[in-house]
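[1] 3D model of this:
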Amino acid sequence: MEPLSSAAIVISSLIVTKAFEKTGEKLGEVFTDKLGAFINLVKSKALPKTKAIESSASQANYSEAVAELEAAKQADTELAQAVQAI
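    Numbers count the residues shown, from 1 in each chain. Next up is the predicted model:
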């Protein structure tokens with residue numbers, strides 16, 4: 001292979017790698033923001049089982065909290081949209 005084409009391949013691979021790194025960072029930021037908004041929304045709904053998990057994880061029943069969250073999602077369109085967003 002010619003030295004010039006080898007250098008071009010190396011440079012282009014570095015550029016592509018950097019582009020993917022930036023894309024990954026942005027995706028991570030968006031996911032973190034949406035997850036934070038979801039957590040704040042769940043806290044604002046004051047669901048008893050999720051409050052139990054927040055206050056004392058050792059005594060919480062996670063399956064009951066998930067079931068409660070599923071039921072709340074069915075009844076609350078704002079919560080359903082937040083779940084769909086993440």
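[2] For the most centrally placed residue in the chain, give me its contacts.
    Nearest to the geometric centre of the chain sits residue 31, at 3.8 Å (C-alpha atoms, centre = their mean). Shown in contact with residue 31 (C-beta atoms under 8 Å, 6 or more residues apart in numbering): residue 86. Every residue, glycine included, has its C-beta placed from N, CA and C.
[3] element containing it?
    helix 3-45 (DSSP states H and E).
[4] Could you report the separation of residue 39 from residue 32?
    Separation of residue 39 from residue 32 (C-beta to C-beta, to the nearest Å) stands at 11 Å.
[5] Compare those two and say which is more crowded by neighbours.
    Neighbour totals were compared for residue 39 and residue 32, and residue 39 leads with 14 against 10 (other C-beta atoms under 10 Å).
[6] Name the next helix or strand downstream of the helix or strand of the chain with the lowest mean pLDDT, please.
    Least confident helix or strand of the chain, by mean pLDDT, DSSP states H and E, is helix 48-55 with a mean of 70. Later in the chain than helix 48-55, the nearest helix or strand by DSSP H and E is helix 62-75.
[7] any idea of the mean pLDDT in that following helix?
    Model confidence over helix 62-75, given as mean pLDDT, is 81.
[8] Need the residues that contact that helix.
    42, 45, 47-50, 52-53, 79-80, 83.
[9] repeat for stretch 35-54
    Contacts of stretch 35-54 (C-beta under 8 Å, 6+ apart): 59-62, 64-65, 67-69, 72, 76, 78-79, 82-83, 85-86.
[10] Can you select the buried ones from these in ChimeraX?
    Applying 16 or more other C-beta atoms under 10 Å to the contacts of stretch 35-54 leaves a buried subset, and the ChimeraX line that selects it is:
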select :60,65,68,69,72,79,82,83
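[11] now what about stretch 79-86, what contacts it?
    Contact partners of stretch 79-86, identified using C-beta under 8 Å, 6+ apart, comprise 31, 34-35, 37-38, 41-42, 45, 69, 72-74.
[12] Need those in CSV (columns: distance to residue 17).
    Formatted as CSV, the contacts of stretch 79-86 follow (distance: C-beta to C-beta, whole Å):
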residue, distance to residue 17
31, 21
34, 26
35, 27
37, 31
38, 32
41, 36
42, 37
45, 42
69, 39
72, 43
73, 39
74, 44
